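Colleague: have a look; sequence and predicted model below, questions after that.
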Amino acid sequence: MNALLQDLHIRRDDLSDPRIAAFMEEHLQDMRATSPPESVHALDMDRLRQPEIRFWTAWLPDAAAANPGRLLGTGALKHLGDGHAELKSMRTAASVRGQGVGRAILEHILGQAVDLGYHRVSLETGSQPFFEPAHQLYLRYGFTDCPPFGSYGMDPNSRFMTRQL
């Protein structure tokens, strides 16, 4: 395990830190830059604060600072009902992509999903080349392609995946 991952601290978050809002705005900007408006399903801060959503952040602690350090990633679970949850808001800071932060967040959230009693986790992601690293991560963790779920409809700009827990 690299030093970055050894020091990584993942916590359930209330989204009150203003750095999270800036981080998630970058996420929305990326989604808008890579997908047509009708195919952007990323949640804004108000929608992330809904009671059916649990949100986690990943931090690299700064021993010299009183704050949690540097925000490196996020992820969320949205309760869909009947033992089913949706993975949302997965994002890794561009400066640490490919270093295992996304993997650590995904593992943490999947573990939390089991602890919460979910039997299945599904996700929607873009189908464009920009999303290929995410596709590969999800495939490595046992996600398989599936039809649209929840309120989603068919969309050539979306890829739907699911995994039994």
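Modeller: Right, received. Where do you want to start?
Colleague: contacts and neighbour counts: CA atoms only from here.
Modeller: Will do.
Colleague: any idea which element Thr57 lies in?
Modeller: Using DSSP states H and E, Thr57 sits in strand 53-60.
Colleague: what do you get for Glu132?
Modeller: Counting by DSSP H and E, the secondary-structure element that holds Glu132 is helix 132-140.
Colleague: biggest strand in this protein by residues?
Modeller: Longest among the strand segments of the chain by residue count, using DSSP state E, is strand 70-81.
Colleague: buried ones in it?
Modeller: For strand 70-81, the buried set under the neighbour-count rule, 16 or more other Cα atoms under 10 Å, comprises Leu71, Leu72, Gly73, Thr74, Gly75, Ala76, Leu77, Lys78, His79, Leu80.
Colleague: now do stretch 14-30
Modeller: Residues of stretch 14-30 classed as buried under the neighbour-count rule (16+ other Cα under 10 Å) are Leu15, Ile20, Phe23, Met24, His27, Leu28.
Colleague: that's a strand at the fifth one, yeah?
Modeller: No - the secondary structure assignment for His27 gives helix rather than a strand, going by DSSP: H, G, I helix; E, B strand; the rest coil.
Colleague: quick one, what contacts it?
Modeller: Under the criterion of Cα atoms under 8 Å, 6 or more residues apart in numbering, the contact partners of His27 comprise Ala42, Ser89, Arg91.
Colleague: surely the last one meets Gly75?
Modeller: Yes - look at Arg91 against Gly75 with Cα atoms under 8 Å: they come within range, at 6.6 Å.
Colleague: what number of residues lie near Leu60?
Modeller: The number of residues packed around Leu60, counting by other Cα atoms under 10 Å, is 18.
Colleague: with Gly150 instead?
Modeller: 11.
Colleague: distance of it from Val121?
Modeller: Gly150 sits at a distance of 12 Å from Val121 (criterion: Cα to Cα, to the nearest Å).
Colleague: before we move on, back to that, how about CSV for the buried residues of strand 70-81, with pLDDT and distance to His108 added?
Modeller: Conversion of the buried residues of strand 70-81 to CSV gives the following (pLDDT from 0 to 100; distance: Cα to Cα, whole Å):
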residue, pLDDT, distance to His108
Leu71, 92, 16
Leu72, 94, 14
Gly73, 95, 12
Thr74, 95, 11
Gly75, 96, 9
Ala76, 96, 10
Leu77, 97, 11
Lys78, 97, 15
His79, 97, 16
Leu80, 97, 19
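Colleague: that'll do, ta.
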